[in-house]
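Chemist: sequence and computational prediction follow.
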Amino acid sequence: MARRLLVAALAVAMTLVPAAAADPLSWQHVPVPAQVRPQAGLHEAAATGPERAWAVGTDAVGRSAPGFPLLLRWNGTAWQRQSLPGPAWQGELLSVAATSATEGWAVGRDTAGGTRLLRLDDSGWRESRAPRGVAVTKVVAGGGETWLIGSRDGAQALLRRDGQNWRDLPVPPGSVYGLHLLAADDVWAAGSSGAGATVSHWDGQAWQQTVVNGFPRSGVGTVLAVSPTEVWAGGSAGFIGGPVGRPIPPLLMRWNGTEWSRVAVPTDFGGITSLAPGASGGLGWVAVARSQKWGPPGSQPPLVPGPAFLAWDGSAFTPYDEPAVPGEGASSALTLAPVPGTATVWSVGRAAGPEGTFAPRVLRFG
């Protein structure tokens, strides 16, 4: 009887003890297909759901060989290499954007410097006619819009998909590196000019540009518009003078509907390469390439690795390190691709490999 009472008491006690906390979420390395050859790297990814994502880049790059375009697809379980349409060509795919499992675009360039434009539809990827005379470097989709960033005769060019054609649009002063499309009359552009880092807004008729940081050589390359009173832009702050190779601080700017202000981040050096929304649509993630922090006083070397990712909860950042991958070093570039409607986000880039080589890097959170 006493034994039964003791067992019952222990059972009650166990129900009162909270369960062991689950392992906290972290960034995980996801392998690429075995068919991807050495000396490969990824530039961008786009996800349309938990079972569909695309990543683009190049592989088999030699000391004097240009490599071959690389297109990967996530099927919900693993990454698979996809065959490209049309005759084989050498070069690389630079950018990808997708709005559904059967609607997307990818741009690249071949060894002759020509633009290669691919379109995804119900039948898969196919070659599409690129705008004549434009060297396209980036495609962006959103808000029912698809835009291209490129150059023509040495000058920057912006093009908008208008029905079956690409139409040139005015370009704000300076350079444009990134876009966030909310609608045809609500577009945000991240860039730089001789005056510093700039963010420009397109209202369907004209650009209104603001210098968000006037420090010399500063610039922003990624922008995320959450609402008319919340817009984020990330890049690097630049510097004046100093020794060759001096690291550059990251730059994160925020618009509150009235003014731009700089937001402190928990790392001292590096460049913000990508911003991604969370499941709620607000800022969720910041990616920092070549992140470094000051080490303890007197430490040698004086700088230590900093966080590669920063999660924003609406009031503060939580830093996350990039996971270690056997035989590889840290990534040199990180581009984020959130999975719509979920808390999952992808990151793709290029990592240092052994003996001066490099390797594709794919990471996932959630």
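Modeler: Noted; the coordinates are in hand. Numbering: from 1, shown residues only.

Chemist: now do stretch 123-140: everything it contacts.
Modeler: 71, 82, 84-86, 94-97, 105-107, 109, 113-119, 146-153, 157, 159, 166, 178-181 (CB atoms under 8 Å, 6 or more residues apart in numbering). For the C-beta atoms, the positions are set from N, CA and C on the backbone; glycine is no exception.

Chemist: list the buried residues in that stretch.
Modeler: Trp125, Ser128, Ala130, Pro131, Val134, Ala135, Val136, Thr137, Lys138, Val139, Val140 (16 or more other CB atoms under 10 Å).

Chemist: ok, now stretch 168-178?
Modeler: Val171, Pro172, Gly174, Ser175, Val176, Tyr177, Gly178.

Chemist: repeat for stretch 181-193
Modeler: Leu181, Leu182, Asp186, Val187, Trp188, Ala189, Ala190, Gly191, Ser192.

Chemist: in PDB, could you pull the C-alpha coordinates for it?
Modeler: The C-alpha trace of stretch 181-193 is given here as PDB (Å, rounded to 0.1, in the frame of the first residue of the first chain):
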ATOM      1  CA  LEU A 181       8.000  46.000 -54.700                       C
ATOM      2  CA  LEU A 182       4.700  46.500 -52.900                       C
ATOM      3  CA  ALA A 183       2.700  47.700 -55.900                       C
ATOM      4  CA  ALA A 184       3.100  49.400 -59.300                       C
ATOM      5  CA  ASP A 185       3.000  52.700 -57.500                       C
ATOM      6  CA  ASP A 186       4.800  51.700 -54.300                       C
ATOM      7  CA  VAL A 187       8.400  50.700 -54.900                       C
ATOM      8  CA  TRP A 188      11.400  51.200 -52.600                       C
ATOM      9  CA  ALA A 189      15.000  51.200 -53.900                       C
ATOM     10  CA  ALA A 190      18.200  50.800 -51.900                       C
ATOM     11  CA  GLY A 191      21.400  52.300 -53.300                       C
ATOM     12  CA  SER A 192      24.100  55.000 -53.000                       C
ATOM     13  CA  SER A 193      25.200  58.200 -54.500                       C
END
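
Chemist: neighbours of Asp153, just the number please.
Modeler: Neighbour count for Asp153, taken as other CB atoms under 10 Å: 8.

Chemist: try Ala264
Modeler: 8.

Chemist: likewise the one 3 residues further on?
Modeler: Residue neighbour count, defined by other CB under 10 Å, stands at 23 for Thr267.

Chemist: repeat that for Trp202.
Modeler: The burial count for Trp202: 24, using other CB under 10 Å.

Chemist: pretty sure it sits against Asp185.
Modeler: Yes - under the criterion of CB atoms under 8 Å, Trp202 makes contact with Asp185 at 7.3 Å.

Chemist: right, I'll call it a day here.
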